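Student: how does the following fold in three dimensions:
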Amino acid sequence: MHTPRAPMPVPDFHRESRPARSMPSRHEPQGDRMTTRNEPDGLPVLYTPEEVAARLGRSGWWVREQCRRNRFPHTRAAGAVRFTRQQFEELLQILERRPEPAPQTPSTSVRRTSKKSPTRAPVTQLRARPPRTPKPAASNDVTKRTA
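Tutor: Reported below is the predicted structural model:
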């Protein structure tokens, strides 16, 4: 009779030999990167469309579409759309809407005059055509033929 064996543990060589990552994975939560300035090497931090979209309350597709139509300032790095902090601030200014000032009401009452309507050509009465009369049909009588 055969007794089942317990499976052998697989050694995890990959974890011990993997170097520590300097960049966070896309799947790891990154926190709020927009509020921190991580520029240790002097290069500007580049934000993804998804990060910008999360701050704007929009989708990443919408942000990329605005960049494709050249409505938003952006950077193309290796074919990918990215944003610097300055570009994000400029983007916020583009999206900013200020209320329009109320129109100034004149302090003195102004009397309005009616505008003259342009002169029109005289109207002529249209007349209906008389109905068409049907043409008499050609006679195709076979008996009138002579052989």
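
Student: could I get the average pLDDT for stretch 104-124?
Tutor: Mean pLDDT, stretch 104-124: 71.

Student: can you show me the helices along this protein?
Tutor: 13-17, 49-56, 60-68, 85-95 (DSSP state H).

Student: deepest of the ones you listed, which one?
Tutor: helix 49-56 (a mean of 18; mean count of other Cβ atoms under 10 Å). For every residue, glycine as well, the C-beta is placed using N, CA and C.

Student: hang on, the earlier thing: the helices of the chain into JSON lines, with extra columns for distance to T105?
Tutor: Listed next are those as JSON lines, based on distance: least, Cβ to Cβ, whole Å:
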{"stretch": "helix 13-17", "distance to T105": "75"}
{"stretch": "helix 49-56", "distance to T105": "37"}
{"stretch": "helix 60-68", "distance to T105": "39"}
{"stretch": "helix 85-95", "distance to T105": "31"}
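
Student: mean pLDDT lowest where, among those helices?
Tutor: It's helix 13-17: among those, that one has the lowest mean pLDDT, namely a mean of 46.

Student: cool, thanks, talk later.
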